[in-house]
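Asker: structure for the following, please:
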Amino acid sequence: MFAQCADPASLEGLAWLMCYLTSGKHMLFYASFGTVLLLLAITAPIALLFGFGGALASRSRIAPLRWFGKLYTSMVRGVPDIIFFLFVPIALDQGLEWLRHQVLCDTDAPVRQGNDFVVCAAAKLPLSSSPPWVHDVYGFTLAVVAFSVVFGAFAANVLHGAMQAVPRAQLETAEAFGMSPRQVSRRVLIPQMWTYAVPGLSNLWMILIKATPLLFLLGVEDIVYWARELGGTKTSAFTYPHPDWRLYYFLAILVFYLLMTWVSERILGRLTRRLSAGQATMGGEALRKGPA
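Answerer: Predicted structure coming up:
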């Protein structure tokens, strides 16, 4: 990265280490921490939206919609996460390419040829001529969809349970005042349910943080990928050969995740106390008796 780092063989000691830690591959390693944070920032609200939709569908009076909501939550929760993490990107990618193949390809050849999935060059996603950043964004987008589908199902189960926990008397009182079912849901049910949902959603957030290393399995160059690449024993193909330092790289990742969970626990704890204030729950009762 610096002019004095052009010839690593001439460096030693602290100068070698500084040049090593500021190499181009290490810049990608540092940027991969941002990739994890970006995944969390995008996936969490989308998964919550999926969960909210799934919870409302499970409570719907329309039978097909209710069946769909229950099937979504039951199926995703009943299948190992890694299956969906691998299935969703592949299914979505091949589905989009199949649609493009029907529109853009002038051929009658089937896309399924034995064990291979073959489409014309114009139907490929992304195109082979696309710049590298397009491929990275496309792969990251598929990963976001996979994470959102999986954790959305768990969020739906949490939110559905929170809706069931809202005292029925409050809903009946709102109905007695002449509110429509939609008004009852919007003004009474949904505001009240968050008190019961936050503990479950906080656990789900922690699980989501711990699941981010699965990006490595989806082909995204995340912190686990670079820790393995940079920490392993180097050969003559690498500019900065060194012994096996994977222990130190994965130790840095351990500290990163511990820091993430520590900050999350503090924020979620404050949010729980704020939502519990004045509520007829164990948390609200503890806050009421606290000053005494």
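
Asker: any idea how many residues pack against Thr141?
Answerer: 13 (other C-beta atoms under 10 Å). Where C-beta positions appear, they are placed from N, C-alpha and C, glycine not excepted.

Asker: for the stretch 1-150 of the chain, give me the ranges with low pLDDT.
Answerer: Where the stretch 1-150 of the chain drops to pLDDT under 70, the residues are 1-4, 6-12.

Asker: all helices for it, in order.
Answerer: Remark: helices assigned in the stretch 1-150 of the chain by DSSP state H, counting those that start in this stretch are 13-21, 24-58, 63-78, 81-104, 132-165.

Asker: so which of the ones you listed is the most surrounded?
Answerer: helix 132-165 (a mean of 20; mean count of other C-beta atoms under 10 Å).

Asker: relative to Ala121, how far out is Ile62?
Answerer: Applying C-beta to C-beta, to the nearest Å, the value for Ile62 to Ala121 is 44 Å.

Asker: got JSON lines for the helices of the stretch 1-150 of the chain, with distance to Leu125 too?
Answerer: Shown next, in JSON lines, are the helices of the stretch 1-150 of the chain (distance: least, C-beta to C-beta, whole Å):
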{"stretch": "helix 13-21", "distance to Leu125": "36"}
{"stretch": "helix 24-58", "distance to Leu125": "20"}
{"stretch": "helix 63-78", "distance to Leu125": "24"}
{"stretch": "helix 81-104", "distance to Leu125": "5"}
{"stretch": "helix 132-165", "distance to Leu125": "7"}
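
Asker: closest one to Ile267 among the ones you listed?
Answerer: Checking the helices of the stretch 1-150 of the chain against Ile267 by C-beta to C-beta gives helix 24-58 as the closest, at 12.3 Å.

Asker: on contacts alone, who are the packing partners of that closest one?
Answerer: helix 63-78, helix 132-165, helix 190-211, helix 223-231 (3 or more C-beta pairs under 8 Å, 6 or more residues apart in numbering; DSSP states H and E).

Asker: other residues contacting stretch 246-253?
Answerer: Here stretch 246-253 makes contact (C-beta atoms under 8 Å, 6 or more residues apart in numbering) with 223-224, 226-228, 230-232.

Asker: one step back: which one of the helices of the stretch 1-150 of the chain lies nearest to Leu258?
Answerer: Among these, helix 24-58 sits nearest to Leu258 (C-beta to C-beta), with 13.8 Å.

Asker: so the closest one versus helix 13-21, what angle?
Answerer: 40 degrees (axes from the mean of the first three to the mean of the last three C-alpha atoms, to 10 degrees).

Asker: can you tell me the SS state at the spatially closest residue to Pro241 that is not a sequence neighbour?
Answerer: Using C-beta to C-beta, 6 or more residues apart in numbering and skipping the chain neighbours, the partner closest in space to Pro241 is Lys234 (3.9 Å). Secondary structure for Lys234, judged by DSSP: H, G, I helix; E, B strand; the rest coil, is coil.

Asker: Lys234 and Arg77, how far apart?
Answerer: Taking C-beta to C-beta, one finds Lys234 at 43 Å from Arg77.

Asker: contacting residues for Leu142?
Answerer: If you count contacts by C-beta under 8 Å, 6+ apart, then Leu142 has 88-89, 92-93, 218 around it.

Asker: at 7 Å instead, please
Answerer: Contacts for Leu142 (C-beta atoms under 7 Å, 6 or more residues apart in numbering) come out as 89, 92-93, 218.

Asker: how about Ala211?
Answerer: Counting by C-beta under 7 Å, 6+ apart, the residues that Ala211 touches are Asp81.

Asker: swap in Ile207?
Answerer: So Ile207 contacts nothing (C-beta under 7 Å, 6+ apart).

Asker: could we number from 29 for the rest of this?
Answerer: Got it, the first residue is 29 from now on, which makes the last one we talked about Ile235.

Asker: and Leu287, how many neighbours?
Answerer: 10.

Asker: also Leu199?
Answerer: 18.

Asker: wait, what's in contact with it?
Answerer: If you count contacts by C-beta under 7 Å, 6+ apart, then Leu199 has 212, 216-217 around it.
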